[in-house]
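Need coordinates for the following:
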Amino acid sequence: QVQVVESGGGPVQAGASLRLSCAASGPTFYNGAVAWFRQAPGKEHEREFVAATVWGGGSARYADSVKGRFTISRDNAKNTVDLQMNSLKPEDTAVYYCAVRLRAAVEITSSAYYYWGQGTQVTVSS
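The predicted structure is shown next:
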């Protein structure tokens, strides 16, 4: 069983930065892929892909809307996968979810990920 926990959200002003962290338990986590999705207000049935990476290393993948502003990376000391978000915009406001799949391949569709965290709220004001 893999448990996923996100942290690091909060309210910020446009242009600010935030760093989200995703911690997961379970030995098979280290053989899989980790992604960040987000769910914006009014889009309760849509989780938008943000970024993903393979835990064991390899190139990351980003949504066009966040390329150049967001960076996904592993923190080996903390055993987390972090999402560094810079130059935040009001349209980045959403609940951000971390998701894990037990295959070492990045996917951008939410249905490919089996384990999900509870989400962390990011609110960007103009």
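
how about the residue nearest to residue 50 when sequence neighbours are not counted, what does it touch?
Excluding the flanking residues, the one nearest residue 50 by Cβ to Cβ, 6 or more residues apart in numbering is residue 36, at 4.2 Å. (C-beta placed from N, C-alpha, C; glycine too.) Residues touching residue 36, when contacts are defined by Cβ atoms under 8 Å, 6 or more residues apart in numbering, comprise 20, 22, 50, 51, 52, 72, 83, 96, 97, 98, 99.

can you give me the end-to-end distance of stretch 73-81?
Criterion Cα to Cα, to the nearest Å; first-to-last residue distance in stretch 73-81 is 6 Å.

quick one: it to chain centroid distance?
13 Å (Cα atoms, centre = their mean, to the nearest Å).

Could I get the buried residue list for that stretch?
When neighbours are counted by 16 or more other Cβ atoms under 10 Å, the buried residues of stretch 73-81 are found to be 74, 80, 81.

Check stretch 40-47 too.
The neighbour-count criterion (16+ other Cβ under 10 Å) identifies residue 47 as the buried residues of stretch 40-47.

In PDB, list the C-alpha atoms belonging to that stretch.
These are the backbone C-alpha positions of stretch 40-47, laid out as PDB (Å, rounded to 0.1, in the frame of the first residue of the first chain):
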ATOM      1  CA  ALA A  40      -9.000  24.600 -10.500                       C
ATOM      2  CA  PRO A  41     -12.100  26.200  -9.000                       C
ATOM      3  CA  GLY A  42     -15.200  25.400 -10.900                       C
ATOM      4  CA  LYS A  43     -13.500  22.400 -12.600                       C
ATOM      5  CA  GLU A  44     -14.300  19.800 -10.000                       C
ATOM      6  CA  HIS A  45     -14.400  17.000 -12.600                       C
ATOM      7  CA  GLU A  46     -11.100  17.900 -14.300                       C
ATOM      8  CA  ARG A  47      -7.600  17.300 -13.000                       C
END
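
Nearest spatial neighbour of residue 9, chain-adjacent residues omitted?
residue 120 (3.4 Å).

I'd like to know which of the buried residues of stretch 73-81 is nearest to residue 108.
For the buried residues of stretch 73-81, the residue nearest residue 108 by Cβ to Cβ is residue 81; the value is 15.7 Å.
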